[in-house]
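S.K.: Give me a 3D structure for the following:
(one chain, ligands or ions: 3)
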Amino acid sequence: MSKSSVIGFPRIGSLRELKHWTEDYFAGKLSLTQLHKNAAGLREQHWLWQKQKDIDFIPSNDFSFYDGVLDTACFLNLIPREYQDLGLHDTDTYFAMARGYQGEKGDVKALAMRKWFNTNYHYIVPVFDDDTEVRLNTDGPFSYYREAMKLGIKTKPVLLGPFTLLKLADYRGVKKAEDFAGPLISAYREVFSKFHSLGAEWLQMDEPILVTDLTQEEIGLFKDLYTGLLTGKEDLKVLLQTYFGDVRDVYREIMKLGFDGIGLDFLEGKKNLQLLEENGFPKNTLLFAGVVNGKNIWRNNYEKTRKMINQFTAKITEENIVINTSCSLLHVPYSLENEDNMDQKYKNHFAFAREKLQELGDLKELLDDQDEEKNEKYLQQIALRKTKEDDVNPGIQKRIKALSEKDFKRCPDFEEREKLQKAKLKLPVLPATTIGSFPQTAEVKAWRAKLKKKELAPAQYEENIKKKIAQCIAQQEEIGLDVLVHGEFERNDMVEYFGENLEGFLFTQKAWVQSYGTRCVKPPIIWTDIERKNPITLKYSTYAQSLTAKPVKGMLTGPVTILNWSFPREDISDKETAFQIALAIRDEVLDLEAHGIRVIQIDEAALKEKLPIRRADWHTEYLDWAISAFRLVHSSVRPETQIHTHMCYSEFGQMIKDIEAMDADVISFEASRSNLAIVNSLVEAGFQTEVGPGVYDIHSPRVPSKEEILKALKGMLGKIEQAKLWVNPDCGLKTRGETETIASLKNVVQAVLEIREEIKARQD
Ligand SMILES: CN1c2c(nc(N)[nH]c2=O)NC[C@@H]1CNc1ccc(C(=O)N[C@@H](CCC(=O)N[C@@H](CCC(=O)N[C@@H](CCC(=O)O)C(=O)O)C(=O)O)C(=O)O)cc1
Ligand SMILES: N[C@@H](CCS)C(=O)O
Ligand SMILES: [Zn+2]
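M.R.: Ligands and ions are numbered 1, 2, ... in the order given. Below is the predicted model:
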């Protein structure tokens with residue numbers, strides 16, 4: 001009998017219930033008791049859905065109020081002193097670490113937030129200080145296990161493994177990862193023992209870091225950790241779960257360590273099958289085979305999957321193969337059932353999380369019983385696939401074929417453009433600006449909701465948006481910013497909005513995917529070739545510019561980001577799709593320029609997201625075409641038109657030359673939560689592009705003080721040439737409230753004015 005398993009299930013609620021409850025709790029509108037009660041109901045629902053689909057290994061402890069890595073940190077008492085000192089109760093300490101705290105108990109920044117491998121999910125970065133005392137601090141994972149047991153469901157508790165935890169953490173003192181290995185082994189052993197006494201049979205240890213490039217020292221640390229952990233684990237079975245890639249650096253070591261189950265991703269893990277074929281697989285060990293895609297939403301090709309699984313059976317007996325998701329289902333929406341407006345002809349092609357549970361069941365059945373009648377299901381699947389004619393737009397194909405080298409090269413060179421732009425724009429030193437979006441108030445969201453329900457006429461909606469734009473321009477002038485924005489009020493999301501206005505995308509109504517904390521996105525689906533039929537942003541940008549003499553930035557999302565934050569096609573390459581989108585955005589850039597927009601920002605917030613996990617693949621598989629796609633968008637603007645780009649959560653590291661190769665004139669990026677590490681790497685690499693490292697963190701409701709911003713700016717000025725430095729928050733302001741936004745921006749401008757005075761005094 002085949003078995004099935006799920007690595008993790010989404011937790012935000014199919015209608016984002018958890019988001020609403022948690023935000024109500026933040027706003028003091030829901031009690032803590034009620035929040036916990038509601039969340040328990042959600043967990044119960046998720047377990048029951050999995051039970052109904054006969055999933056054999058159902059996860060627990062995959063739930064989180066904000067982020068699973070943060071949960072692990074709190075569970076293991078990795079709570080930095082400044083949060084403990086606030087003296088809040090556990091849940092509020094947890095939220096203070098996630099969002100910062102500013103109130104009667106003190107004023108503390110949030111912990112850093114980073115991209116979770118190659119996804120649009122973000123985790124809170126755990127911190128080890130020299131005095132960190134690793135010990136079990138909360139009951140979370142055990143209480144979830146007991147909760148499921150009460151429903152008669154024996155779950156497989158999921159824990160972030162110690163190796164990944166150590167590798168993802170920040171160290172603020174002199175102690176390093178190795179120094180915490182011993183205490184972590186003891187703590188995890190205690191966890192094993194507690195779960196064993198609760199009657200758990202299996203435990204899943206998530207170690208996605210194993211799919212990254214590893215040094216011999218790192219492999220040594222991994223081996224030490226698990227040798228320590230697996231010794232004396234009684235008869236609790238331990239599954240080592242990897243995902244997002246292959247384990248080429250440690251395959252043999254993993255096989256020798258004595259795990260009871262090993263989870264490998266056969267979709268993103270290009271080399272896993274070859275590793276298995278060449279090196280074999282230990283006897284009496286279960287292979288949790290990741291064959292149901294946890295990241296994309298296209299239905300599983302059963303025929304292809306069956307063929308792949310048949311390849312395993314040369315090395316592993318069938319009873320030892322567990323059909324698994326390729327990663328947690330956190331990265332896909334809940335269910336197609338919520339998509340009332342989507343035609344069945346489209347739905348036939350998709351599987352969201354709940355439909356993937358069905359796929360796991362189907363595959364289990366098909367593998368157990370490979371008779372012809374059952375195989376009908378494979379054939380139906382193949383018939384579902386689209387034909388090329390459905391997808392191809394001949395006009396776009398022709399444009400792509402006609403591209404030549406000059407379409408990717410902007411003239412003149414950066415230095416020449418920089419001089420021209422300084423002369424033309426006449427901006428003060430340290431120009432102050434924002435990243436684009438202003439607070440998306442309840443009022444704005446309600447207009448859009450009414451527009452969708454046809455309760456508000458499009459003309460009225462547009463008029464309302466224009467009023468907001470006018471207000472926003474007036475506010476920015478009053479605050480004293482130098483380069484203004486229109487505020488992006490017309491956009492539900494920076495990617496979904498462009499998808500909605502380009503041909504070739506499909507939309508969902510409720511297909512929410514968690515991005516960080518309580519924040520979600522609805523990635524559009526790329527269905528056919530992409531084309532821009534009409535200008536998209538022109539009317540709002542030109543309207544905003546008509547209200548002020550200061551430059552207003554045209555605001556666009558770049559091709560790589562639109563691609564990376566959508567569900568991509570699987571029948572053509574990402575490169576081809578990116579070039580199609582690039583042509584559409586290029587037309588928009590030229591329209592903006594032709595209508596008097598002097599500064600255009602093309603956001604590539606997600607450039608780093610699909611960067612291959614293995615360094616060796618960076619250029620050949622991704623950067624060469626991704627950077628070209630960006631260059632294609634702006635290569636033919638006039639020299640004096642200033643092109644900005646923006647990236648969030650970017651640790652550029654060894655990518656700096658590639659970022660420079662985008663050939664933008666100005667780049668803004670996150671820096672505030674990562675203590676200027678990015679600035680250091682830019683300096684070391686001799687970065688030429690003008691830069692706006694974020695001076696404060698917009699993901700937290702805290703208002704940064706003028707002094708805090710001054711300190712950040714002075715730190716930057718010590719490293720970056722004054723003439724190259726811009727001043728801005730680290731990302732868009734859409735998630736923030738209006739009052740805190742204005743207060744924060746005023747402090748930014750005050751800090752800039754003070755520094756300008758100092759500069760002037762020095763010059764005089
Ligand atoms: C900048 N980031 C982005 C990422 N990915 C994107 N695709 N977009 C991004 O901007 N990744 C990295 C970073 C950080 N990530 C995020 C992700 C999500 C948000 C965010 O603020 N999300 C909002 C939802 C935005 C949205 O789609 N809004 C819609 C729907 C609004 C809504 O909730 N409407 C209600 C009805 C309202 C009423 O009737 O009054 C409803 O539908 O129920 C819109 O504005 O129309 C979120 O709330 O999670 C930020 C950063
Ligand atoms: N222009 C966008 C970029 C976010 S990454 C915004 O300001 O929201
Ligand atoms: Zn951003």
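S.K.: Can you tell me how far residue 577 is from residue 265?
M.R.: Look at residue 577 and residue 265: by CB to CB, to the nearest Å, they are 23 Å apart. Where C-beta positions appear, they are placed from N, C-alpha and C, glycine not excepted.
S.K.: Looking at the stretch 651-764 of the chain, which residue is nearest ligand 1?
M.R.: Nearest to ligand 1, among the residues of the stretch 651-764 of the chain, is residue 735, at 4.7 Å (CB to the nearest ligand atom).
S.K.: quick revisit: residue 577 and residue 265: which is more packed in?
M.R.: residue 265 (29 against 21; other CB atoms under 10 Å).
S.K.: Which residue is the nearest non-sequential neighbour of the more buried one?
M.R.: residue 290 (4.0 Å; CB to CB, 6 or more residues apart in numbering).
S.K.: Ok, residue 689 next?
M.R.: Residue 689 sits nearest to residue 667 (CB to CB, 6+ apart), 5.3 Å away.
S.K.: where does the stretch 201-350 of the chain have low pLDDT?
M.R.: In the prediction, the stretch 201-350 of the chain carries no residues with pLDDT under 70.
S.K.: ranges for the strands of it?
M.R.: 202-206, 237-241, 261-265, 286-292, 321-325 (DSSP state E, counting those that start in this stretch).
S.K.: buried sites along stretch 498-515?
M.R.: Neighbour-count burial for stretch 498-515 flags 498-499, 501-502, 504-508, 510-515 (criterion: 16 or more other CB atoms under 10 Å).
S.K.: Go through those and flag which are in strands.
M.R.: 504, 505, 506, 513, 514, 515 (DSSP state E).
S.K.: I'd guessed the fifth one sits against residue 13; true?
M.R.: No - applying CB atoms under 8 Å, one finds residue 514 not in contact with residue 13, separated by 9.8 Å.
S.K.: if I pick the residue nearest the centre of the chain, what's in contact with it?
M.R.: Note on the chain: the residue nearest the mean C-alpha position is residue 120, at 1.7 Å, using CA atoms, centre = their mean. By CB atoms under 8 Å, 6 or more residues apart in numbering, residue 120 lies in contact with 331, 513, 515, 521, 523, 564, 565, 606, 609.
S.K.: Would you mind measuring from it to residue 612?
M.R.: In terms of CB to CB, residue 120 sits 16 Å off from residue 612.
S.K.: ditto for residue 652
M.R.: 16 Å.
S.K.: Of those two, which one has the most company?
M.R.: residue 652 (21 against 17).
S.K.: now residue 611: how far from ligand 2?
M.R.: Relative to ligand 2, residue 611 is positioned 17 Å away (CB to the nearest ligand atom, to the nearest Å).
S.K.: burial count for that residue?
M.R.: Neighbours around residue 611, by other CB under 10 Å: 19.
S.K.: follow-up on the earlier one: tell me which of the buried residues of stretch 498-515 has the lowest pLDDT.
M.R.: Least confident of these in the model: residue 507, at 92.
S.K.: can you give me the helices in the stretch 301-450 of the chain?
M.R.: With DSSP state H, counting those that start in this stretch as the definition, the stretch 301-450 of the chain shows helices at residue ranges 302-312, 344-347, 353-368, 372-384, 388-391, 394-401, 414-425, 442-452.
S.K.: Which of those sits closest to residue 676?
M.R.: Comparing the helices of the stretch 301-450 of the chain by their distance to residue 676 (CB to CB), the top pick is helix 414-425, with 23.5 Å.
S.K.: Of all the residues in that closest one, which ones are buried?
M.R.: Those would be 417, 418, 420, 421, 425, for helix 414-425 by 16+ other CB under 10 Å.
S.K.: any idea which of those residues is closest to residue 715?
M.R.: Nearest to residue 715 among the buried residues of helix 414-425, with distances taken as CB to CB, is residue 418, at 23.7 Å.
S.K.: Let me see the contact set for the residue nearest to that closest one when sequence neighbours are not counted.
M.R.: Closest residue in space to residue 418, ignoring its immediate chain neighbours: residue 665 at 6.8 Å, by CB to CB, 6+ apart. With contact set as CB under 8 Å, 6+ apart, residue 665 has these partners: 414, 417, 418, 421, 642, 643, 644, 689, 690.
S.K.: Residue 665 and residue 112, how far apart?
M.R.: Using CB to CB, which is the criterion applied here, residue 665 is 28 Å from residue 112.
S.K.: ok, now residue 274?
M.R.: Relative to residue 112, and taking CB to CB, residue 274 is found at 36 Å.
S.K.: of these two, who's got more company?
M.R.: residue 112 (21 against 13).
S.K.: In this structure that one contacts residue 172, no?
M.R.: No - Residue 112 lies out of contact with residue 172 (CB under 8 Å); the separation is 11.2 Å.
S.K.: Run the contact check for the top helix by length along the chain versus ligand 1.
M.R.: Taking DSSP state H as the criterion, the chain has its longest helix at helix 738-763. No - contact of helix 738-763 with ligand 1 (CB under 6 Å from any ligand atom) is absent, the minimum separation being 13.8 Å.
S.K.: What mean pLDDT does that helix get?
M.R.: Helix 738-763 comes out at a mean pLDDT of 96.
S.K.: can you give me the offset of it from its chain's centre?
M.R.: 31 Å (CA atoms, centre = their mean, to the nearest Å).
S.K.: and that helix, what other elements does it pack with?
M.R.: With contacts defined as 3 or more CB pairs under 8 Å, 6 or more residues apart in numbering; DSSP states H and E, the packing partners of helix 738-763 are helix 458-479, helix 706-717.
S.K.: rank the ones you listed by mean pLDDT and give me the bottom one.
M.R.: Across the helices and strands packed on helix 738-763, the lowest-scoring stretch is helix 706-717, with a mean of 94.
S.K.: Pull out the buried residues from that helix.
M.R.: 706, 708, 709, 710, 712, 713, 715, 716.
S.K.: Check the gap between the spatially closest residue to the third one that is not a sequence neighbour and residue 702 for me.
M.R.: Closest residue in space to residue 709, ignoring its immediate chain neighbours: residue 751 at 4.0 Å, by CB to CB, 6+ apart. For residue 751, the distance to residue 702 (CB to CB) stands at 16 Å.
S.K.: More neighbours: which of these two?
M.R.: Taking neighbours as other CB under 10 Å, residue 751 and residue 702 compare with residue 751 leading, 26 against 21.
S.K.: Enumerate the residues of the protein near ligand 2.
M.R.: Counting by CB under 6 Å from any ligand atom, the chain sits next to ligand 2 at 435-437, 488, 494, 555, 603, 605, 646, 648, 731-732, 734.
S.K.: Of those residues, which belong to helices?
M.R.: Per DSSP H, these never map to helices.
S.K.: now those residues as a markdown table including neighbour count and pLDDT?
M.R.: Formatted as a markdown table, the residues of the chain next to ligand 2 follow (neighbours: other CB atoms under 10 Å; pLDDT from 0 to 100):
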| residue | neighbour count | pLDDT |
| --- | --- | --- |
| 435 | 27 | 98 |
| 436 | 26 | 98 |
| 437 | 23 | 98 |
| 488 | 26 | 98 |
| 494 | 24 | 98 |
| 555 | 28 | 98 |
| 603 | 25 | 98 |
| 605 | 26 | 95 |
| 646 | 31 | 96 |
| 648 | 24 | 85 |
| 731 | 25 | 95 |
| 732 | 25 | 97 |
| 734 | 23 | 97 |
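S.K.: Looking at those residues, spot the one nearest residue 350.
M.R.: Closest to residue 350, out of all of the residues of the chain next to ligand 2 and judged by CB to CB, is residue 494, at 23.3 Å.
S.K.: how does this structure divide into domains?
M.R.: Domains of the chain are assigned by automatic domain parsing as 1-53+242-385, 430-763.
S.K.: what's the first-to-last distance across stretch 546-555?
M.R.: Start-to-end span of stretch 546-555 (CA to CA, to the nearest Å) is 16 Å.
S.K.: and stretch 88-107, how far out from the chain's middle?
M.R.: Distance, centroid of stretch 88-107 to centroid of chain: 24 Å (CA atoms, centre = their mean).
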